[in-house]
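Student: Give me the fold of what follows.
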Amino acid sequence: MNRLFLVIVAIGVPLSVIGSFLHFPQVIMFTVYCIAIIGLASFMGRATESLAIIAGPRIGGLLNATFGNAVELIISFFALKQGLTAIVLASLTGSVIGNLLLVAGLSFFVGGLKYKRQVFNVHDARHNSGLLMFAIIVAFVVPEVFSVEMAENKQFVLSIGISIVMILLYVAALYFKLVSHRGVYVAKQESGQGEAETEEETPEWSGKFATVILLLSTIAVAYISERLVHTFDTVGEQFGWSELFIGVIIVAIVGNAAEHASAVIMAYKNKMDVAVEIAFGSTLQVAMMVAPILVISSLFFDKQMPLIFSLPELIAMASSVLLTVILSNDGDTNWFEGATLLAAYFIMAIGFFLL
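Tutor: Below you'll find the model as predicted:
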């Protein structure tokens with residue numbers, strides 16, 4: 001599998017550069033760009049897996065989420081520069097439901113096929129649940145409710161205020177988890193669970209080499225992402241896709257390919273703490289850091305982006321959070337819970353396709 005991704009990167013990245021300069025058909029280049037980004041994401045996933053072994057599950061999961069979301073942040077930044085605010089908001093929606101339903105669901109399902117029952121830190125699960133309820137139910141739904149009685153300029157001021165509060169709380173959450181209460185809430189390992197996976201692991205790459213791979217992959221993704229954004233209009237017209245579907249499904253899947261691969265691999269290896277940290281941590285980072293940064297960044301563009309989602313987007317995100325919280329709050333999972341999350345994702349994907 002690693003050789004396959006190496007071939008994809010070796011062919012896809014040069015072809016992306018050549019095709020953009022020679023102006024190959026945009027539909028073809030859209031496919032090339034997406035495949036190249038997924039190939040690069042696999043390298044990002046392998047690098048962060050090495051760093052997770054070196055630094056521990058929490059920091060490793062955070063690094064994976066951060067560099068995985070860097071892909072989407074870059075894509076969204078260039079889309080915002082083009083004035084495609086609807087696609088940016090849709091991609092944020094897609095990231096939330098994609099991480100909570102598709103990534104977590106696939107991780108629970110694949111891991112559950114190998115292990116009858118998998119456990120993870122219940123304290124982290126409950127901490128993440130509270131933040132998810134705040135980020136989606138409070139910080140995303142509230143602007144929609146208040147915006148009904150507001151002028152457009154006041155909607156944007158409200159969005160800026162909420163964005164600043166969310167960034168501050170996210171930084172406080174990281175400090176709480178990684179500094180002030182690090183090691184305080186340690187889950188007890190249940191007997192018979194994951195005993196085959198307790199042997200010491202050696203990272204595939206050293207910390208320095210993994211960091212270099214992450215940086216180079218991110219730079220390559222930044223270049224390809226800018227080109228990818230320019231193909232959205234043509235591809236949408238060619239296939240009859242709406243901006244909403246492109247943002248919620250296509251951009252979100254391509255932008256979060258690193259987390260998708262890494263979380264599933266970790267679950268298959270019974271490292272559920274890392275898998276859950278990737279899926280939930282990535283969602284929190286999108287909602288509490290990526291979205292606010294994009295809102296504030298839109299100040300410097302011709303078209304500002306208030307944090308106002310459509311009703312289908314809000315319902316999809318809120319439903320995803322509630323379902324995930326209910327299934328994961330006990331720190332225990334199995335393949336059927338994963339199948340439930342996947343079923344919810346496909347129902348929403350069909351709905352967004354038909355809108």
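Student: residues in contact with the closest residue to residue 328 other than its chain neighbours?
Tutor: Nearest non-adjacent residue to residue 328, counting by Cβ to Cβ, 6 or more residues apart in numbering: residue 125, 5.2 Å away. The C-beta positions use only the backbone N, C-alpha and C, and glycine is treated the same way. For residue 125, the contact set (Cβ atoms under 8 Å, 6 or more residues apart in numbering) comprises 276, 280, 328, 329, 330, 331.
Student: Residue 125: what secondary structure?
Tutor: Following DSSP: H, G, I helix; E, B strand; the rest coil, residue 125 is assigned to helix.
Student: re the thing from before, among the contacts of residue 125, name the buried ones.
Tutor: When these are checked for burial by 16 or more other Cβ atoms under 10 Å, the buried set is 276, 280, 328, 331.
Student: what does the helix or strand that contains residue 159 contact?
Tutor: Element membership for residue 159, per DSSP states H and E: helix 152-175. When contacts are defined by Cβ under 8 Å, 6+ apart, helix 152-175 is touched by residues 62, 127, 131, 134-135, 139, 142-143, 146-147, 150, 284-285, 287-289, 291-293, 295-296, 299, 304-308.
Student: 6 Å - rerun?
Tutor: With contacts defined as Cβ atoms under 6 Å, 6 or more residues apart in numbering, helix 152-175 is touched by 139, 143, 147, 288, 289, 292, 295, 296, 304, 306, 307.
Student: which residues touch residue 80?
Tutor: Counting by Cβ under 6 Å, 6+ apart, residue 80 makes contact with 88, 298.
Student: The contacts of helix 152-175, buried ones only, as a ChimeraX selection?
Tutor: For the buried members of the contacts of helix 152-175, the matching ChimeraX selection, counting by 16+ other Cβ under 10 Å, is:
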select :139,143,147,288,289,292,295,304,306,307
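Student: Turn the contacts of helix 152-175 into CSV, including secondary structure.
Tutor: Shown next, in CSV, are these (three-state DSSP):
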residue, secondary structure
139, coil
143, helix
147, helix
288, helix
289, helix
292, helix
295, helix
296, helix
304, coil
306, coil
307, coil
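Student: would TSV of the contacts of helix 152-175 with distance to residue 28 be doable?
Tutor: Below are those laid out as TSV (distance: Cβ to Cβ, whole Å):
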residue	distance to residue 28
139	40
143	39
147	40
288	37
289	34
292	36
295	34
296	36
304	34
306	35
307	35
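Student: so which two of the contacts of helix 152-175 are the farthest from each other?
Tutor: Across those, the longest distance by Cβ to Cβ is 22.0 Å; it joins 147 and 289.
Student: Pull out the buried positions in the longest helix along the chain.
Tutor: Criterion DSSP state H: the longest helix present in the chain is helix 26-55. Neighbour-count burial for helix 26-55 flags 26, 29-30, 32-55 (criterion: 16+ other Cβ under 10 Å).
Student: Going along the chain, name the helices of the stretch 251-355 of the chain.
Tutor: Remark: helices assigned in the stretch 251-355 of the chain by DSSP state H, counting those that start in this stretch are 252-255, 257-268, 272-285, 291-297, 311-328, 335-354.
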